[in-house]
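Chemist: turn this into a model:
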Amino acid sequence: MSRTETTLKIQGIACEGCAGSAKAALAKLPGVGEARFDIPGKTVTVSHDPAVDRAEVARALTAAGFPAE
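Modeler: Below is the predicted model of the structure:
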């Protein structure tokens with residue numbers, strides 16, 4: 001199955017602990033795989049099924065307390 005990568009700007013990520021909490025929130029979203037965080041750059045790149053759109057990923061992060069766009 002093909003995967004899509006989406007990169008989002010994310011707020012509230014200050015350390016690996018924050019990234020771990022955000023990864024846990026993304027893991028609950030069906031179709032989402034790996035998430036790579038650039039903490040200094042305030043971005044996250046998420047690998048996911050093409051059926052999962054960018055807005056769904058952003059909503060999951062925002063709902064977990066990490067506003068993303």
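
Chemist: now do the top helix by length along the chain, average pLDDT.
Modeler: Of all the segments assigned as helix in the chain under DSSP state H, the longest by residue count is helix 16-27. Averaged across helix 16-27, pLDDT comes to 94.

Chemist: helices or strands next to it in the packing?
Modeler: Secondary-structure packing of helix 16-27 (3 or more C-beta pairs under 8 Å, 6 or more residues apart in numbering; DSSP states H and E): strand 32-38, helix 54-63. For glycine as for every other residue, the C-beta is placed from the backbone atoms N, C-alpha and C.

Chemist: what's the average pLDDT for the last one?
Modeler: Put plainly, it is helix 54-63. Across helix 54-63, the average pLDDT comes to 96.

Chemist: using TSV, lay out the helices and strands packed on helix 16-27 together with mean neighbour count and distance to residue 2.
Modeler: TSV is the format used below for the helices and strands packed on helix 16-27 (neighbours: other C-beta atoms under 10 Å; distance: least, C-beta to C-beta, whole Å):
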stretch	mean neighbour count	distance to residue 2
strand 32-38	16	12
helix 54-63	17	16
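
Chemist: so which of those gets nearest residue 48?
Modeler: Between residue 48 and the helices and strands packed on helix 16-27, the tightest spacing by C-beta to C-beta is seen for strand 32-38, at 4.6 Å.
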